[in-house]
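Student: Attaching a predicted model along with its sequence, questions to come.
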Amino acid sequence: MQNSKKTLGGVLGVIVVLAAAWFGIDLSNSGQTSSSASSTSSNIPTSESISSNTSADGETCSLSELPAEAEEVVDDILAGGPFDYPDNDGVRFGNYEGTLPKESSNYYREYTVETPGLNHRGPLRIVTGGSEPEDPDVWYYTSDHYESFCAITDAEN
């Protein structure tokens, strides 16, 4: 009985680690507070490093503040592709979280920003809005998979 509990505990631990890896969660900071966890050596902006990022609050960011991979995605959007994830990039973004301004159902489109070191799409995205996919009216960046956004002020400069 005791060995089966240890085995079950080990299996559950492996499942948690695999799920964290799949969703891009860094478990190495799990014992730290959010202020110390946000000071990792990664140069990818987090919601803490770009402020609260909610577009409703008018948070903005410059393309130069974002990972270099974001600039590549902006170039791909303006060129009309090709995209790294053609089944997922350029598709309708529903804004179900309500963190972006309310618009018609086909207004927003999402694009994957590669996260170095991950073998899946990761949490980084650019979301654009407008009637022309290759000429967006608005540009947003999220580092935390749609929980918060900043408006990219210079995407087309």
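Tutor: Yes, it's here. Numbering: from 1, shown residues only.
Student: can we go C-alpha only for contacts and neighbour counts from here?
Tutor: Noted.
Student: so what pLDDT did the spatially closest residue to residue 112 that is not a sequence neighbour get?
Tutor: Closest residue to residue 112 apart from its sequence neighbours, by C-alpha to C-alpha, 6 or more residues apart in numbering: residue 125 at 4.8 Å. For residue 125, the pLDDT comes out at 97.
Student: burial measure for residue 125, as a count.
Tutor: Applying other C-alpha atoms under 10 Å, we find 24 residues neighbouring residue 125.
Student: is it true that it touches residue 142?
Tutor: Yes: applying C-alpha atoms under 8 Å, one finds residue 125 in contact with residue 142, separated by 5.4 Å.
Student: How about residue 105, nearest residue that isn't a chain neighbour?
Tutor: In this structure, residue 105 finds its nearest non-sequential neighbour in residue 94, 6.4 Å apart by C-alpha to C-alpha, 6+ apart.
Student: Distance-wise, check the one you found relative to residue 118.
Tutor: When distance is defined by C-alpha to C-alpha, to the nearest Å, residue 94 is 25 Å away from residue 118.
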